[in-house]
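Student: no sequence for this one, just the structure:
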């Protein structure tokens, strides 16, 4: 089912649990690196990121001049593996309490963003624990869904009860058109890289309307 993109629906997509509106898109080319899986799975993940970047008309890169890699993806079987990863705590000083929270919540995924001076995304750390639910997903479905959820600073509830993906008649996962249109509008050059006022949702909905007209 395709839902109409309205200012209210956009606002819900970017309103945090504390009630504040916070939108951000990547302000630089995305340079991904993937840990914890075989090379074949790395290629699937990078293909998914590339597909979302093409949709957004955003660039990918081999390296980031400041950070080397700015989108780091970690696949683990247990959250303790993060705490045991050498030097990861240097990049993520809050790693120890974060691992404790993930264990307590029995979470299977978490995204940690860093932002530039303009408020745009400059780095993302994506942590995926391959529990039973994650392991049941086909690799291309898992990777596309995670790429979509990492291309913007969505709210915690944006995809809590519904996936950004849909299945075709051939059982192939595709991005839902309404979500795709929000991403396209978010990366339109006339839109800001970051926003904290709900008037941004009005602009986004109007931009979507222009894209689909």
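Tutor: Perfect, I can see it now. Everything quoted here is computed from the prediction, not taken from an experiment.
Student: center of the chain - which residue?
Tutor: The centre of the chain sits closest to residue 150, judged by Cα atoms, centre = their mean, with a distance of 1.1 Å.
Student: and the residue lying closest to that one once chain neighbours are set aside, how far from residue 77?
Tutor: Counting by Cβ to Cβ, 6 or more residues apart in numbering, residue 150 lies nearest to residue 124, which is 5.2 Å off, once chain neighbours are set aside. Glycine gets a C-beta too; all of them are placed from N, C-alpha and C. To residue 77, residue 124 is 21 Å away according to Cβ to Cβ, to the nearest Å.
Student: the more surrounded of the two?
Tutor: For residue 124 versus residue 77, neighbours defined as other Cβ atoms under 10 Å are more numerous around residue 124 (20 against 11).
Student: confirm for me that that one is in contact with residue 110.
Tutor: No: Residue 124 is beyond contact range of residue 110, at 10.8 Å (criterion: Cβ atoms under 8 Å).
Student: got the buried residues for the helix or strand harbouring residue 142?
Tutor: Residue 142 belongs to helix 139-150 when assigned by DSSP states H and E. Using 16 or more other Cβ atoms under 10 Å as the test for burial, helix 139-150 gives 141, 142, 143, 144, 145, 146, 147, 148, 149, 150.
Student: helix, strand or coil for the closest residue to the third one other than its chain neighbours?
Tutor: Closest residue to residue 143 in three dimensions, ignoring its sequence neighbours and counting by Cβ to Cβ, 6+ apart: residue 48, at 3.9 Å. Three-state call for residue 48 (DSSP: H, G, I helix; E, B strand; the rest coil): helix.
Student: please tell me how far residue 48 sits from residue 197.
Tutor: In this view, residue 48 and residue 197 are 31 Å apart by Cβ to Cβ.
Student: out of those two, which sits in the busier spot?
Tutor: Higher neighbour count among residue 48 and residue 197: residue 48, with 23 against 11, using other Cβ under 10 Å.
Student: gap between the more buried one and residue 136?
Tutor: From residue 48 to residue 136 the distance is 18 Å (Cβ to Cβ).
Student: now do residue 128
Tutor: 14 Å.
Student: more neighbours, those two?
Tutor: Using other Cβ under 10 Å as the criterion, residue 128 and residue 136 rank with residue 128 on top: 22 against 9.
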